[in-house]
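A.B. asks: Structural data only, the sequence is not supplied:
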């Protein structure tokens, strides 16, 4: 990540927008329980519960603010780069065993997307800023590994 606003893929944008909607719903529920419990006088356990919910509300507010800012930055960043790998890029890489994979570089892990590599993962960090033809080195649980960046964008036709 360069410090400049980073582009975001359409799929990552949808995931963040859904998370934002879910967080706002959860925030409304938590805020409602705080208002209801504030109306009654309670013991220390009730006060501790209110403090816990207030902390939860503060965490929700921070995450809502972070996502809102990320979406705003992505809008000003424009599309994913096509000359070097960036967040939102689709890349094809070849591994030493000859296998090639087409992957997306994203910032939000999506459990069901096996083609997503997050930008903060070892392979994602190694690919950021690279150009086709370059070999990247990265760490895996089994030790150091390499891959060649074949292309950026749609996979090449066979």
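C.D. replies: Cool, the structure landed. A quick note: this is a predicted structure, and the numbers were derived from the prediction, not measured.
A.B. asks: In the longest strand seen in the chain, which residues are buried?
C.D. replies: Longest strand of the chain, by residue count under DSSP state E: strand 143-152. Neighbour-count burial for strand 143-152, counted by 16 or more other CB atoms under 10 Å, picks out 147, 148, 149, 150, 151, 152. For the C-beta atoms, the positions are set from N, CA and C on the backbone; glycine is no exception.
A.B. asks: Residue 26 versus residue 32, what's the distance?
C.D. replies: In this view, residue 32 and residue 26 are 11 Å apart by CB to CB, to the nearest Å.
A.B. asks: do the same with residue 91
C.D. replies: Using CB to CB, residue 91 is found at 35 Å from residue 26.
A.B. asks: Look at the two and report which has more neighbours.
C.D. replies: Between residue 91 and residue 26, counted using other CB atoms under 10 Å, residue 91 has the larger neighbour count: 24 against 15.
A.B. asks: Would you confirm that the more buried one contacts residue 82?
C.D. replies: No. Using CB atoms under 8 Å, residue 91 makes no contact with residue 82, being 10.8 Å away.
A.B. asks: tell me which of the buried residues of strand 143-152 is nearest to residue 69?
C.D. replies: residue 152 (26.9 Å; CB to CB).
A.B. asks: In contact with that closest one, which residues?
C.D. replies: With contact set as CB atoms under 8 Å, 6 or more residues apart in numbering, residue 152 has these partners: 81, 82, 83, 84, 85, 89, 90, 91, 131, 132.
A.B. asks: Mind doing that once more with 10 Å?
C.D. replies: Contact analysis of residue 152 by CB atoms under 10 Å, 6 or more residues apart in numbering lists 80-86, 89-92, 105, 127, 130-132.
A.B. asks: Residue 145 too?
C.D. replies: By CB under 10 Å, 6+ apart, the contact list for residue 145 reads 95, 96, 122, 123, 126, 136, 137, 138, 139.
A.B. asks: Swap in 8 Å and give it another go.
C.D. replies: Residues counted as contacts of residue 145 (CB under 8 Å, 6+ apart) are 95, 96, 137, 138, 139.
A.B. asks: so after the lengthiest helix in the chain, what's the next helix or strand?
C.D. replies: Longest helix in the chain, counting residues (DSSP state H): helix 44-77. Of the helices and strands lying after helix 44-77 in sequence (DSSP states H and E), the nearest is strand 90-94.
A.B. asks: immediately after that next one, which helix or strand?
C.D. replies: Going down the chain from strand 90-94, the next helix or strand is strand 100-106, by DSSP H and E.
A.B. asks: mean confidence for the longest strand of the chain?
C.D. replies: Averaged across strand 143-152, the pLDDT comes to 94.
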